[in-house]
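S.K.: How does the following fold in three dimensions:
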Amino acid sequence: MPFIEIVEKLYKNPKEQSVIDIAKKFGYNERHLYRIFKINYGVSPKVLLNILRLHLCLTLILDKNMNLIDIANLCGFYDQSHFIREIKKYTGISPLKIIKNYK
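M.R.: Have a look, this model is predicted:
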């Protein structure tokens, strides 16, 4: 299976996936999957998953009238603090500031 198809499948469902699960699901060993992702996309599979999950979160924050706890749960975060920490890590601002500034 071409790696672009793997990325497309991950994009459609980025939550609750681990690199080990992805490798098994598509018939690759974890190290090979890591090398191919770094070569083709410049990031590891884990970073790509985090980016895809962030995209899902931002889409839900900006396009839906959902509360942040529901968004965090839907996107596969362990709890609200984990959700806030990851959003801040990639955007530099909290989810509440995203809502305030961009919605």
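
S.K.: Which residue, other than its chain neighbours, is closest to Asn10?
M.R.: Let me fix one detail, which is that residue 10 is Leu and not Asn. With sequence-adjacent residues excluded and distances taken as C-beta to C-beta, 6 or more residues apart in numbering, Leu10 is closest to Leu52, at 5.8 Å. All C-beta atoms are positioned from the backbone trio N, CA, C, and that covers glycine.

S.K.: quick one, phi psi at that neighbour?
M.R.: phi -60, psi -40 (degrees, to the nearest 10).

S.K.: my read: it touches Pro14, true?
M.R.: Yes: contact status for Leu52 versus Pro14: in contact at 3.6 Å, counting by C-beta atoms under 8 Å.

S.K.: The nearest residue to Asn29 once chain neighbours are set aside is in what secondary structure piece?
M.R.: Closest residue to Asn29 apart from its sequence neighbours, by C-beta to C-beta, 6+ apart: Ala23 at 6.1 Å. For Ala23, the element it lies in under DSSP states H and E is helix 19-26.
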